[in-house]
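Okay, structure incoming, though there's no sequence with it:
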Ligand SMILES: Cc1cc2nc3c(=O)[nH]c(=O)nc-3n(C[C@H](O)[C@H](O)[C@H](O)COP(=O)(O)OP(=O)(O)OC[C@H]3O[C@@H](n4cnc5c(N)ncnc54)[C@H](O)[C@@H]3O)c2cc1C
């Protein structure tokens, strides 16, 4: 028998969809994927999610989300969606390469993953001054000197954001030019407290238990310098987790799922997408949760109109 609503992914978007779908009696089944709880399980303090006046640790917040979804009746399962067949109804989704689940509607909430430089020290100090999200973590470094790596529009936007609260933003650009649009470059270059380092690569983030400095190589002169900073932001892009949908669901050139503006509808009726996998712009827990709510409501209306619930 097919499930009414299959939710793929267990970040803020997936759990919120599960809460709404359960309360609408859609008996949702969720597959959590390889990272139950999603991206927030790899961070420490979350201070910008409404409802937690004293802030909350990311992993605890996601346990709260899960508990609430389970209490509403969501059937939460460990497992990975490995293939989809949306060519006929009910839709079919393969789990862990071994079994197929049939579903009347599908909510894709598979999120996105930040790209990292791949340094051992970057991994070790992740959440202790190393971050891939200036909007999330910049506030913790108010008045401090920080670094940002990246040369695209997002890196420029994040550098501008940080410049409003940090004393100095050291911006490392690997080449002698930026990829960002001219207007963004001009903004960065005309901001007095952003210091741009051209042809510069990070060799190491320094610090035992928190970020204290970074070791930088000028790849033109081979000169190495140590720059004291309290935080190290990586802004070299995100990878939406949309690979298994690539042949069937419409996406932009970077793999973000396209939805009908103002809704979570994809190009396939009955398949919805929410959270970071369809949002390259805001990428926040609260916006992911908001779109998870939208996806459940869109799915409920679809199922009702189709006479499936
Ligand atoms: C270090 C860090 C700190 C952050 N701090 C903040 C903060 O302070 N405040 C804030 O608002 N935002 C913060 N963010 C951003 C926030 O985490 C994301 O915007 C949010 O988690 C996106 O939610 P999501 O539900 O779309 O996806 P994600 O949280 O990315 O979750 C995706 C889920 O999909 C699952 N999945 C993926 N592929 C499959 C598959 N094939 N089958 C089944 N499941 C699958 C994964 O296991 C995971 O459970 C931070 C992000 C990072 C990386």
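Structure received. Keep in mind that what you see is a predicted model, and the values were worked out from it rather than measured.

only C-alpha atoms for contact and neighbour calcs from this point on.
Noted.

Confirm residue 286 sits in a strand?
No. Going by DSSP: H, G, I helix; E, B strand; the rest coil, the assignment for residue 286 is helix, not a strand.

tell me the contacts of it?
12, 49-50 (C-alpha atoms under 8 Å, 6 or more residues apart in numbering).

so which of those comes closest to residue 240?
residue 12 (15.2 Å; C-alpha to C-alpha).

filter the contacts of residue 286 down to the ones close to the ligand.
12, 49 (C-alpha under 6 Å from any ligand atom).

Okay, and which of the contacts of residue 286 map to helices?
Those of the contacts of residue 286 mapping onto helices are residue 12, per DSSP state H.

Can you tell me which of the contacts of residue 286 are buried?
residue 12 (16 or more other C-alpha atoms under 10 Å).

Among the contacts of residue 286, which one lies nearest to the ligand?
residue 12 (4.0 Å; C-alpha to the nearest ligand atom).

Excluding chain neighbours, what is closest to the closest one?
residue 289 (4.9 Å; C-alpha to C-alpha, 6 or more residues apart in numbering).

Am I right that the one you found is in a helix?
Yes. Residue 289 sits within a helix when classified using three-state DSSP.

Kindly tell me how buried it is, as a neighbour count.
A count of nearby residues for residue 289, using other C-alpha atoms under 10 Å, gives 21.

Quick one: distance of stretch 229-237 to the chain centre.
16 Å (C-alpha atoms, centre = their mean, to the nearest Å).

List the buried residues in it.
229-237.

Over to stretch 130-146?
Here stretch 130-146 shows 130-132, 134, 136-141, 144-146 as buried, counting by 16+ other C-alpha under 10 Å.

Out of those residues, flag the one nearest to residue 263.
For these, the nearest to residue 263 is residue 136 (25.2 Å; C-alpha to C-alpha).

Could you report the pLDDT at that closest one?
With respect to pLDDT, residue 136 scores 92.

Quick one: residues contacting it.
Residue 136 touches 46, 48, 284, counting by C-alpha under 8 Å, 6+ apart.

Distance to residue 254 and neighbour count for those - can I get that in a markdown table?
Output for the contacts of residue 136, formatted as a markdown table (distance: C-alpha to C-alpha, whole Å; neighbours: other C-alpha atoms under 10 Å):
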| residue | distance to residue 254 | neighbour count |
| --- | --- | --- |
| 46 | 28 | 20 |
| 48 | 28 | 18 |
| 284 | 19 | 19 |
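
check those residues against the ligand, which are close?
Within these, those near the ligand by C-alpha under 6 Å from any ligand atom are 46, 48, 284.

worst-scoring helix or strand of the chain, pLDDT-wise?
One helix or strand of the chain scores below all others by mean pLDDT, DSSP states H and E: strand 45-46, with a mean of 90.

Partner strands of that strand, with direction?
strand 56-57 (antiparallel) (DSSP bridges).
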